[in-house]
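>>> With the input below, show me the fold.
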Amino acid sequence: MTLQQLQKQILELPISDRWILVQILLESLQQETSSELKKGNLSRLRGIAKGTEISSEDVEVDYVNYLTEKYQ
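Okay, here's the model as predicted:
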């Protein structure tokens with residue numbers, strides 16, 4: 001069955017049945033969308049807590065360089 005055939009049959013349904021169909025479609029879209037978003041968020045966050053070790057000396061040198069450039 002093509003999309004056009006399905007559309008034609010849907011438009012022949014009583015309005016109450018079409019509203020039920022709309023609700024079913026919306027619920028299915030919301031479920032699929034939310035599960036895809038959850039999977040995408042988790043994959044983007046993987047490894048975020050690892051970080052890199054920065055010594056206090058590196059931070060101090062960077063801050064001194066920043067201040068030197070700022071006040072020249």
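>>> what comes up buried for the host helix or strand of V61?
Using DSSP states H and E, V61 sits in helix 56-70. Buried residues in helix 56-70, counted by 16 or more other C-beta atoms under 10 Å: none are found. For every residue, glycine as well, the C-beta is placed using N, CA and C.
>>> and whichever helix or strand D17 is part of, average pLDDT?
Element membership of D17, judged by DSSP H and E, is helix 15-45. Averaged across helix 15-45, pLDDT comes to 82.
>>> Repeat that for stretch 63-71.
Mean predicted confidence for stretch 63-71 is 84.
>>> Only C-alpha atoms, please: export the helix holding V61 in CSV.
The C-alpha trace of helix 56-70 is given here as CSV (Å, rounded to 0.1, in the frame of the first residue of the first chain):
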residue,chain,number,x,y,z
SER,A,56,49.3,23.9,39.6
GLU,A,57,52.5,25.2,38.0
ASP,A,58,50.9,25.1,34.5
VAL,A,59,47.9,27.0,35.8
GLU,A,60,50.2,29.6,37.4
VAL,A,61,52.2,30.0,34.3
ASP,A,62,49.1,30.4,32.1
TYR,A,63,47.7,33.0,34.6
VAL,A,64,51.0,35.0,34.6
ASN,A,65,51.1,35.0,30.8
TYR,A,66,47.5,36.1,30.7
LEU,A,67,48.1,39.0,33.1
THR,A,68,51.3,40.0,31.3
GLU,A,69,49.5,40.2,27.9
LYS,A,70,46.5,42.0,29.4
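>>> got the contact list for that helix?
The contact list for helix 56-70 (C-beta atoms under 8 Å, 6 or more residues apart in numbering) is empty.
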